[in-house]
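>>> the following comprises the amino acid sequence and a computationally predicted model.
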Amino acid sequence: MGSHFFAMMARMKYIERWALMKNSEVENISEHSMEVAMLAHALAVIGNVRLGKKLNPEKAAMLGLYHDCTEIITGDMPTPIKYYSDDIETAFKEIEDKAAEKLLDMLPEDMRSYYEDYFFKVKEDDYLWQLKKAADKLSALMKCIKEEKSGNSEFFSAKKTIEQAVHDMHLEEVEIFCEEFLPSYYLTLDEMRKGTKISGE
């Protein structure tokens, strides 16, 4: 019998994010997940080379890659609704867990153990899951910056909220990333190509 797992994963490209917001450019969870994977990997690398930690960047990347895949089944629940109350948040977490189990069940039995840790947190990966969560917030912040640059005022308030949430995580890796890499997201392609100095340098 064949497996539907990867065909289901391919459907992430059909799930659009920011459903309650007016977007100048539509973003799907496949695009978002790739960005989160790159960012989580980068944060783990920063932790290793700048802070002397022994993190697994590749696993951080995989956590990012699969972090939203349950939305293939649940759809993208807007943040204001998802976190409206503790009861709604708890109920939705249960739904996500059931969706994760359903997706994992689509894998052949001899492959499942290689994927379980990307869907369900194990104690030894607690810090990587924090970095994955930070990468998710950074990706959202980057989306807000992009929309702001396009003149879309719809994301102004969200940007402030997400920016504060990023710093409230108190992760050194994130602060280093924000200092060294985030300012470039405010530049145009021509400015980056010409090596334009970033404000504050």
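Thanks, I have the structure now.
>>> how near is the residue nearest in space to the middle of the chain to G52?
Central residue of the chain (Cα atoms, centre = their mean): D136, 2.6 Å from the mean position. Look at D136 and G52: by Cβ to Cβ, to the nearest Å, they are 25 Å apart. For the C-beta atoms, the positions are set from N, CA and C on the backbone; glycine is no exception.
>>> likewise for Q164?
28 Å.
>>> try D190
With distances taken as Cβ to Cβ, D190 is found 38 Å from G52.
>>> same question for M142.
For M142, the distance to G52 - Cβ to Cβ - is 27 Å.
>>> the two - which one has more neighbours?
M142 (17 against 7; other Cβ atoms under 10 Å).
>>> contacts only, for the more buried one.
E35, L182, Y185 (Cβ atoms under 8 Å, 6 or more residues apart in numbering).
>>> can you say which of these are buried?
Among the contacts of M142, those scoring as buried are E35, L182 (criterion: 16 or more other Cβ atoms under 10 Å).
>>> the contacts of M142 in helices, which ones?
Judged by DSSP state H, helices contain the following of these: E35.
>>> starting from the lowest-mean-pLDDT helix or strand in the chain, tell me the next helix or strand along the chain.
The helix or strand of the chain with the lowest confidence, counting by mean pLDDT, DSSP states H and E, is helix 79-82 at a mean of 66. Remark: after helix 79-82, the chain's next helix or strand is helix 86-104, criterion DSSP states H and E.
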